[in-house]
Every structure is written in structure tokens, then in C-alpha cells.
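> Using only what follows, build the 3D model:
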Amino acid sequence: MRMTIKRTVVVPDLQVPYHDVVAVRNVAAFIKAFKPDSVVILGDEIDLPQVSRWEENKMGWFEQTLDQDREEAIEVLWSLVEYAKEAHVTRSNHTDRLYNVIMRKIPAFLALPELRYEKFMRFDELGIQYHKKPYPIAKGWIAIHGDEGGINPHAGMTALNHARKMGYNVICGHTHRAGQSAFSEASGGVLRRLHRGVDAGHLMDLKQAHYTRGTANWQQSIQVIYEDSKGVQIDMIYIEKDGTFMVNGKRYGRSR
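Down below sits the predicted model:
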């Protein structure tokens, strides 16, 4: 009897309109060819700088580009989820900006259903499920954005620290670093507990992340999760500087 394997593609921080157009286009083409069971986007799919507290009472606060950015983000999301059987997005700090600015400035507007984030982004039309709480992405694993606690400068450690607190293996975005780490406990030669953490990287265009001043310990990556009845394997797929990447020995994407 052939064992069924569920395949999930994980997409980290896009932060449209500051996304890496070439890398994202290549990931979308891979997903179209790969046809995974699920695509999970780890939040920060749109940046929403116009409603950020960092732009309050500055020039960005008055820019009339919010709808333009939203439409671009919706187009990008559709390219990533169109060929998957199901799609999910986790909450995140950048996308919480919509709720936060309404809550601080005009809380009565929270009663308008069209301003709830999942409605604002038309997730129902895209077939995307929005998760405000940790999403059980695979057996023993949860997906979160990663801003639920402190950030560790070493790739994989932010997710691992969340895992040790939450009691599940964790895959997260937010740090823009790509790496895996693990922690185990054993006694008398018997493995008692094992936690794993995956920091999923990012898909931003570093040149547009002006707040870094061009310097950042960031890595572009996606993940492919394979799950069967016996366990879970997560493959870290690093994206090369030219925007291409390799999955199962096959290179995907067009070079810049």
C-alpha cells in the first residue's frame, strides 16, 4: 500500500510592495508546477507603511497608495495560491497595522466588516483561510508569524525559542533569517523531548528595505514540508542571488 504524503509550500514575509519581484515570480511558477496540497504564508504579505506608527504625521501618512498596494498584494497572493488545494495566512505585525490604527484613531470603524483585515484583503475570494492563532501546519508543528516574543540574531533560534515555550515544533517568519535549530532532552539514554524550530527567511527586495541602510543579516528562502503517517520533514529551499532555487535536484526559476 502506497503511503500518502501531504506536501506544503511555506512562503515567508513578502511585504508587498517591497517584495522581490523576480524571486516571487519564480516561487509562483514553482508552485504552479509542483501543485502542493497547501500553501501557507507566514504573514507580512503586505507592508502597509501608510498606516504604520513610524509614518504618523510624516509624508508617508498622507500617501494615497493604500489601494494600489492592496491590489498588488492580492495579485501576488493569487499567483502563489491559485494552484494549491488549500491556502492559509497567519496574522502578523505588519498586517496588524490596519487594526492598530483604527483602534487608536477611529475605534467605531471596527464595527465595519469590510475593514476587518481578512475582508479588506478579500481572502474569501482568494480561497485563503486567515489564522489569528497559531496554525497547526503539520503533525506536531505550528506556524506563527514570529513576533510573539523576542528575536534571536541566529537563524533558527527565534523559532526554537518559541517552540520551547509553546510545546510544539515551530516554523515562523518575521526575522527574515533562514535556518533550522533543535533542542532535545534525554535521560538514561532515552530521548525524552525534542523541539525543532525553523526561521523561514523572507522574499523582500533588500534594496527597498531602506530602514536597514542596505545592511542586514537576512536570507531569502521558502520551505517544502512533507508529511506522512510516520513523521514530518521540512526542506529549507534557499534562493540564490539570481532568484533561482533547487527542489529535489531540479532548478526552478529564471535568473535576474
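
> Helices of the stretch 51-200 of the chain, start to end?
For the stretch 51-200 of the chain, the helices defined by DSSP state H, counting those that start in this stretch cover 66-81, 97-105, 117-120, 123-126, 157-166.

> hey, least reliable of these by pLDDT?
Per-stretch mean pLDDT for these is lowest at helix 97-105 (a mean of 91).

> Show residues contacting that helix.
Residues outside helix 97-105 that contact it (Cβ atoms under 8 Å, 6 or more residues apart in numbering) are 48, 51-53, 109-110, 115, 117, 120. For the C-beta atoms, the positions are set from N, CA and C on the backbone; glycine is no exception.

> If we ignore the residues flanking it in sequence, what's nearest Gly173?
The shortest distance from Gly173 to any non-neighbouring residue, by Cβ to Cβ, 6 or more residues apart in numbering, is to Leu42 (3.5 Å).

> Quick check, pLDDT for the one you found.
Each residue has a pLDDT score; the one for Leu42 is 98.

> What's the separation between it and Ser255?
Leu42 sits at a distance of 26 Å from Ser255 (criterion: Cβ to Cβ, to the nearest Å).

> Look at these two and report which has more neighbours.
Per other Cβ atoms under 10 Å, whichever of Leu42 and Ser255 has more neighbours is Leu42, with 29 against 11.

> Give me the phi and psi for the more buried one.
phi -90, psi 30 (degrees, to the nearest 10).

> burial measure for the nearest residue to Val198 once chain neighbours are set aside, as a count.
Using Cβ to Cβ, 6+ apart and skipping residues adjacent in sequence, the residue nearest Val198 is Ile171, 4.2 Å away. Here the number of neighbours of Ile171 (other Cβ under 10 Å) works out to 31.

> Hmm, Ile171 is touching Val10, no?
Yes - taking contacts as Cβ atoms under 8 Å, Ile171 lies within contact range of Val10: 6.3 Å.

> which residues do those two both contact?
Residues touching both Ile171 and Val10 (Cβ under 8 Å, 6+ apart): 42, 137, 143, 200, 223, 225.

> of the residues you listed, closest to Leu66?
Leu42 (22.5 Å; Cβ to Cβ).

> ok, so what distance separates the closest one from Gln208?
On the measure of Cβ to Cβ, Leu42 and Gln208 end up 19 Å apart.
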